Structures are given as structure tokens and as C-alpha cells.
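K.L.:
With the sequence up front, the predicted model follows.
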Amino acid sequence: MKRLFLITIISLFILGGTSALADETPKIVGDYIDNYGGLQQISNTEWSMGSPDDPSLIFTYTSVDNKNKVIIAKNTKNSPKFSGKFSQFDWTYDKRGLLWYCQQVYDADTAKQAADRPYADTSDPCSGGCGIRTDEHPQGFPWSQLIVYPDQQ
């Protein structure tokens, strides 16, 4: 039994599996309003978006990396097009100490694919750096600010 456990751990490390970090709790757990008026609920196990009565989007963590400020999650309750896919959430603090998040990936086929995508650019979250850069959006998109929900202040 011990040998099987050791082989599993070594395999995850060698293959770059994300399951080894799944027990870590995000340092940003809490209820927030984003700068677009949406409710963002970040728990120990999932990220929910929507309203308190209807979290229309739910993402269940497969890994949490507080050092790099990244969460990989499975889209568990989502639009039919993206249910079962995987997302990469990045977070950062700006120079003023404001908290920002970017859903850098929302449509990966596996957790590993979501984890292997580049992180969002944290240099100026209120101006850009989130998402894929295009000719139309050479700086990417602005990140979303997370504002502590009034009941938690």
C-alpha cells in the first residue's frame, strides 16, 4: 500500500499533475462584488459567480497555488458550451493593495491544459493583461476588481 502511494505521488510530480495541490485553500476566500456588480463567492473548494440566490456559474477546484496566485477549476455548473471544461483563475494585488482576478482560461479540455497556459500579466490589472491578446485588444482585457462584500467588512 505504501509503495502504491509513493508511486502515485511520484507519477503526479513527473507528469505535472495538478491534483497534488488540490487540498490547498485559496488565501482569498470570501464573498466579493466585482467592479461590474457581479457576486463572486470564493470558498475552500469552489468559485461561484452570480447572485446569492442563483450562483449561475460554479467552478470546483482541482488545484490551488497560493504562491503563484492561481486556481485551476472544473466548470461544474456553467453554460452548456463550457460545462465540463477547465478554467484558470489568476489573482493579484495592485500598487494600492486592491485585489483583482482574471479568468485567464475558461475552455481547456483538461486541468493540465488549463494549468499549462501562461498566467495573466499582473503589471497593470486595471488596464489590461487578462486573456488572449489580439490585434483588436493588444493589451488583453482589464482584470476584474474584487471588492469585499459589505457584510464581511
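P.N.:
Perfect, I can see it now.
K.L.:
next structured bit after the lowest-mean-pLDDT helix or strand in the chain?
P.N.:
Sorting the helices and strands of the chain by mean pLDDT, DSSP states H and E puts helix 2-15 at the bottom, at a mean of 38. As assigned by DSSP states H and E, the chain's next helix or strand after helix 2-15 is strand 30-34.
K.L.:
Would you mind naming the residues that bridge with the residue nearest the centre of the chain?
P.N.:
The centre of the chain sits closest to residue 89, judged by C-alpha atoms, centre = their mean, with a distance of 1.9 Å. Bridge pairing for residue 89 (DSSP bridges) gives the partners residue 71, residue 103.
K.L.:
Does it touch residue 74 like I think?
P.N.:
No: using C-beta atoms under 8 Å, residue 89 is not in contact with residue 74, being 12.0 Å away. No exception for glycine: its C-beta is placed from N, CA and C like everyone else's.
K.L.:
Give the residues shared as contacts by these two.
P.N.:
residue 59 (C-beta atoms under 8 Å, 6 or more residues apart in numbering).
K.L.:
coming back round to it: which residues touch the residue nearest to the centre of the chain?
P.N.:
So residue 89 contacts 47, 59, 70, 71, 72, 73, 101, 102, 103, 104 (C-beta under 8 Å, 6+ apart).
K.L.:
I'd like the distance between residue 46 and residue 96.
P.N.:
Distance check for residue 46 against residue 96: by C-beta to C-beta, to the nearest Å, it reads 29 Å.
K.L.:
Which secondary structure element is home to residue 115?
P.N.:
Going by DSSP H and E, residue 115 is part of helix 111-116.
K.L.:
Any idea how far that helix is from the middle of the chain?
P.N.:
12 Å (C-alpha atoms, centre = their mean, to the nearest Å).
K.L.:
Repeat that for stretch 111-128.
P.N.:
10 Å.
K.L.:
List the buried residues in that stretch.
P.N.:
111, 112, 114, 115, 119, 120, 121, 122, 125, 128 (16 or more other C-beta atoms under 10 Å).
K.L.:
For these, give me TSV that also has pLDDT and distance to residue 28.
P.N.:
Below are those laid out as TSV (pLDDT from 0 to 100; distance: C-beta to C-beta, whole Å):
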residue	pLDDT	distance to residue 28
111	98	20
112	98	23
114	97	18
115	97	18
119	95	15
120	95	15
121	93	19
122	95	14
125	94	14
128	89	21
